[in-house]
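Enquirer: using only what follows, build the 3D model:
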Amino acid sequence: MEAKIALLLNAMAGYDRGDAARIHHFLKVWALAATIGKSEHLDDSLQLILEAAALVHDIGIHVSEKKYGSSQGRYQEIEGPSEARSLLARIPGFSSEEVDRICFLVGHHHTYSDIQGMDYQILVEADFLVNIYEDRLSSDAVRHVREKIFRTRTGRELLDAMYGSNPWEMACPDDCCHGGC
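Expert: Take a look at the predicted model:
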C-alpha cells in the first residue's frame with residue numbers, strides 16, 4: 001500500500017507542479033485522512049482508497065478554472081473524476097474497483113448529504129479540517145460543521161483540538177503568515 005501511495009503522491013505533486021498552495025492542501029488532507037482512517041480502524045483496502053482519494057480529491061480544480069473560470073466544489077466534482085482516473089491509470093497496482101471508488105469520492109467530496117461509507121465520511125472531515133483554517137471559517141460555521149458533518153470520534157477530537165470553541169480567538173503573532181490575524 002505504501003508504495004502505491006508514494007507513487008501517487010509524487011504524481012499528484014507533478015500534476016500540481018508550481019502550485020505550492022494546492023500541494024500543501026492535498027498533503028494536509030491526506031495526512032489527516034490517513035490519521036482518522038487508522039484511528040477508526042479501517043481495513044487496509046478501505047484505507048488505501050481513502051488515502052488515494054485524499055491525495056487526488058481536488059484534481060479537478062485546474063480544469064474547472066480553465067473551463068468555468070471557477071474552482072467551486074460543484075465544478076471540481078464534475079471535472080475531477082476523469083482527471084483522477086487518468087492519473088491513477090499511470091500508477092501500477094490500483095484495481096478497477098479501487099479506481100472507481102476513488103473517482104466516486106472525488107466526484108462527491110463537496111456533497112455533504114447522503115454520505116455513505118467511512119472512506120467518504122473521513123475524506124469530507126479531513127478536507128473540512130484543512131478548509132476551516134485555510135478559509136478562516138467563523139466559529140459559528142465551525143460549530144455548524146461539527147454538528148452537521150462530523151461523525152467520527154477521531155474527526156471530532158481533531159476538530160476540537162485544532163479549533164476549540166472559537167478558532168480565531170487563539171493568539172497570533174503580529175508577523176504571522178496571515179499578515180496580522
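Enquirer: and residue 108, helix, strand or coil?
Expert: Reducing the assignment to helix, strand or coil with DSSP: H, G, I helix; E, B strand; the rest coil, the entry for residue 108 is coil.
Enquirer: element containing the residue lying closest to it once chain neighbours are set aside, please.
Expert: Distances taken as Cβ to Cβ, 6 or more residues apart in numbering place residue 77 nearest to residue 108, at 6.3 Å, with adjacent residues excluded. (Each C-beta comes from the backbone N, C-alpha and C, glycine too.) Element membership of residue 77, judged by DSSP states H and E, is helix 73-89.
Enquirer: pLDDT on that helix, on average?
Expert: When the per-residue pLDDT values of helix 73-89 are averaged, the result is 93.
Enquirer: report all helices and strands that it contacts.
Expert: Secondary structure elements in contact with helix 73-89, counted by 3 or more Cβ pairs under 8 Å, 6 or more residues apart in numbering; DSSP states H and E, are helix 2-15, helix 44-56, helix 61-68, helix 96-106.
Enquirer: and with 7 Å instead?
Expert: The contact analysis (3 or more Cβ pairs under 7 Å, 6 or more residues apart in numbering; DSSP states H and E) places helix 73-89 against helix 2-15, helix 61-68, helix 96-106.
Enquirer: with respect to residue 90, which of these lies nearest?
Expert: Across these, residue 90 has its closest neighbour in helix 2-15 (6.4 Å, Cβ to Cβ).
Enquirer: and that closest one with helix 61-68, angle?
Expert: For helix 2-15 and helix 61-68, the angle between their directions (axes from the mean of the first three to the mean of the last three Cα atoms, to 10 degrees) works out to 40 degrees.
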